[in-house]
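> Need the 3D shape of this:
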Amino acid sequence: MNVQPSDSPHLDAPTPPVGCPARHTGATTRLYAAESTADPYGTYSRLRKQYGPVAPVLLEGDVPAWLVLGYRENRRVLDNPGQFSRDSRKWRDWEEGRIEETSPLIPMLGWRPDCLSQDGEPHQRLRGAVTESMETVANRGIRRHVVHFANKQIDAFADTGQADLVLQYAEYLPMLVLTRLFGLPESDGKYLATACAEMMAGGEGAISANERIARVLAELTAHKRAEPGPDFATGLIQHPAALDDDEVQNHLRLVLIAAHATTSNLLARVLQSILSNDSRLSDLVSGQMTITAIVEEAMWNSPPLAVLPGRFANADCELGGQHVRSGDLLILGLAAGNLDPEIRPHTGTAVRGNQAHLAFSSGPHACPGQAVGQAIIETAVEVLIHRLPGLALSGDPGGLTDTASTWETRLDHLPVTFPP
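Below you'll find the model as predicted:
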């Protein structure tokens, strides 16, 4: 395999010529349209053949963007905030009034007073508060929370002999764990998970879903100001970086949405991978294969966030054979980059032990909660296999279906049977 497990593999390698750069205004591929979401990987492949590693696309409302498809090009954008900022106030279409505040893109791309929306010193100050507060709660025993909620979820169907591991396990388990880490009541778990799913799906419900999440977190912030506890919200409030209420709420939102959406999606994919192959399940039970290796493979082949929003060009530049103008929006094709034939010519190439995938992004804004997400997934799988010996997929693995949006592709169902 050609990918090197280093911080910036081959960034200076030449890009194959792709002919004349396409005019960005001539984009015709709508990533949100039915034909794109029905087969997102097919769309990525078609765009790569037509344009090369960077392709002009349209987002909801026919908003133009560059979709970065190449692995090396993704790393160049992610690792160089001096060239490609995360601050959406630099987005030309926003500055010039072409993006409505009610656009379904705003929950994913709009500027907020959080570490994701800023670069440089403001980013470092806020990210330090997030990572240190998250480490504190994680060190208090995140696995015991996962075990508690995993057993509680399994108890609800253990005596039936059948279940849907997406709808009855993976879809809600990470959010239930997050409610405990955040200091939220367990009863908020399913409500917030549903709101997260609606926001990630885009469309008309994205704004209202985002507002529902914001209301819950504003109430949590006020409560924890008055009654601190051993939780993530209190950690942000009491951190020496002195976050104000708006900053606290927006970081709670950022971590809640990102952690739940990616972890629930990846957990479903890991379970699909294990149960679609009898030998893999037996190797896992016998100890010949580790859950960590299966998670790593899933992060290469089906990263939970297929497309990462977004970056904004600080100046005119060339990227992947395209002329990118200052203020242009770029969205990062993490799934497409992981399968880039320039660095991974065969999709079946072994990736075990290679952590150079794009699933957690890269650079200064790389996901700060990687360890928490991985702990949730690995513990959730361990508990499930221990509790339900004889677990087996119900039906043909080829019959499993997905639902995709611009940003992610999620498994619809994972039906299983087991001795009651």
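
> Return the distance of residue 270 relative to residue 414.
From residue 270 across to residue 414, the span is 11 Å (CB to CB, to the nearest Å). C-beta: built from backbone N, CA, C; applies to glycine.

> And residue 106, by the same measure?
For residue 106, the distance to residue 414 equals 32 Å [CB to CB].

> Mind checking which of these two has more residues around it?
The residue with the greater number of neighbours, taking residue 106 and residue 414 and applying other CB atoms under 10 Å, is residue 414; the counts read 23 against 18.

> hang on, the more buried one packs against residue 162?
No. Taking CB atoms under 8 Å as the definition, residue 414 is not a contact partner of residue 162, at 11.5 Å.

> where do the strands sit along the stretch 251-400 of the chain?
Per DSSP state E, counting those that start in this stretch, the stretch 251-400 of the chain has strands spanning 307-313, 317-319, 322-324, 329-333, 392-393. These are given in chain order.

> what does the shortest one contact?
The reference is to strand 392-393. Defining contact as CB atoms under 8 Å, 6 or more residues apart in numbering, one finds that strand 392-393 is touched by 275, 276, 414, 415, 416, 417, 418.

> what's the closest of the residues you listed to residue 101?
residue 414 (37.9 Å; CB to CB).

> burial count for the residue nearest to that closest one when sequence neighbours are not counted?
Counting by CB to CB, 6 or more residues apart in numbering, residue 165 is the residue found nearest to residue 414 once chain neighbours are left out, at 4.2 Å. Residue 165 is surrounded by 27 other residues when neighbours are defined as other CB under 10 Å.

> for residue 165, what are its contacts?
Contacts were defined as CB under 8 Å, 6+ apart; by that measure residue 165 touches 268, 271, 275, 384, 414, 415, 416.

> Farthest pair within those residues?
Farthest pair in the contacts of residue 165, by CB to CB: 384 and 415, 14.4 Å.

> Comparing these two, which residue is more hemmed in?
Looking at residue 384 and residue 415 with other CB under 10 Å, you find the greater number of neighbours at residue 384, namely 24 against 16.

> circling back to that earlier point, take the contacts of residue 165 and write them to TSV, including pLDDT and distance to residue 191.
Converted to TSV, those look like this (pLDDT from 0 to 100; distance: CB to CB, whole Å):
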residue	pLDDT	distance to residue 191
268	97	20
271	97	24
275	95	29
384	97	24
414	98	23
415	98	25
416	98	26
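
> which residues touch residue 414?
By CB under 8 Å, 6+ apart, residue 414 lies in contact with 164, 165, 166, 170, 268, 271, 272, 275, 393, 400.

> In helices, which of those appear?
With helices taken from DSSP state H, the overlap with these comprises 268, 271, 272, 275.

> Can you say which of those residues are buried?
Buried residues within these, defined by neighbour count using 16 or more other CB atoms under 10 Å: 268, 271, 272, 275.

> so which of those residues would you say is closest to residue 42?
When these are compared for distance to residue 42 (CB to CB), residue 272 comes out closest, at 19.5 Å.

> Report the contact partners of the closest one.
397, 400, 411, 414.

> try 6 Å this time
Contact criterion CB atoms under 6 Å, 6 or more residues apart in numbering gives 411, 414 as the residues in contact with residue 272.

> and what of the one 3 residues further on?
For residue 275, the contact set (CB under 6 Å, 6+ apart) comprises residue 393.

> Distance of it relative to residue 385?
10 Å.

> again, but for residue 357
With distances taken as CB to CB, residue 357 is found 24 Å from residue 385.

> Neighbour count for these two, which is higher?
Taking residue 357 and residue 385 together and counting by other CB under 10 Å, residue 357 has the greater number of neighbours (22 against 16).

> Using PDB, write out every CA atom in stretch 182-193.
Output of stretch 182-193 as PDB, limited to C-alpha atoms (Å, rounded to 0.1, in the frame of the first residue of the first chain):
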ATOM      1  CA  PHE A 182     -22.200  16.100  29.600                       C
ATOM      2  CA  GLY A 183     -24.200  16.100  32.800                       C
ATOM      3  CA  LEU A 184     -27.500  15.800  31.000                       C
ATOM      4  CA  PRO A 185     -30.500  13.600  32.100                       C
ATOM      5  CA  GLU A 186     -30.700  10.300  30.300                       C
ATOM      6  CA  SER A 187     -34.200  11.200  29.200                       C
ATOM      7  CA  ASP A 188     -32.600  13.700  26.700                       C
ATOM      8  CA  GLY A 189     -30.700  11.000  24.900                       C
ATOM      9  CA  LYS A 190     -33.100   9.900  22.200                       C
ATOM     10  CA  TYR A 191     -34.500  13.400  21.800                       C
ATOM     11  CA  LEU A 192     -31.000  14.800  21.000                       C
ATOM     12  CA  ALA A 193     -30.100  11.800  18.800                       C
END
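
> contacting residues around that stretch?
Contacts of stretch 182-193 with the rest of the structure, by CB under 6 Å, 6+ apart, involve 172, 175, 176, 179, 220, 229, 231, 232, 233.

> List only those of the residues you listed flagged as buried.
Members of these that pass the buried threshold by neighbour count (16+ other CB under 10 Å) are listed as 172, 175, 176, 179, 220, 231, 232, 233.

> which SS state does the third one fall under?
Secondary structure assignment for residue 176 (DSSP: H, G, I helix; E, B strand; the rest coil): helix.

> The stretch 151-300 of the chain: helices as residue ranges?
173-182, 189-201, 206-226, 232-238, 245-275, 278-286, 291-301 (DSSP state H, counting those that start in this stretch).

> Out of the ones you listed, which is the most enclosed?
Of these, the one with the most neighbours on average (mean count of other CB atoms under 10 Å) is helix 173-182, at a mean of 26.

> Report the mean confidence score over that one.
Computed over helix 173-182, the mean pLDDT rounds to 95.

> where's residue 93 relative to residue 388, distance?
Summarising the geometry, the distance separating residue 93 from residue 388, computed by CB to CB, is 50 Å.

> Could you pull out the buried residues of stretch 97-107?
The neighbour-count check on stretch 97-107 (16+ other CB under 10 Å) flags 99, 103, 104, 105, 106, 107 as buried.

> Span of it from start to end?
17 Å (CA to CA, to the nearest Å).

> Relative to residue 138, which of the buried ones among the contacts of stretch 182-193 is nearest.
Nearest to residue 138 among those is residue 232, at 9.1 Å by CB to CB.

> Please look at that closest one and residue 181 and confirm they touch.
Yes. Contact criterion CB atoms under 6 Å: residue 232 and residue 181 qualify, at 5.2 Å.

> Name the residues contacting each of those two.
Between them, residue 232 and residue 181 have residue 137 as joint contacts when contacts are counted by CB under 6 Å, 6+ apart.
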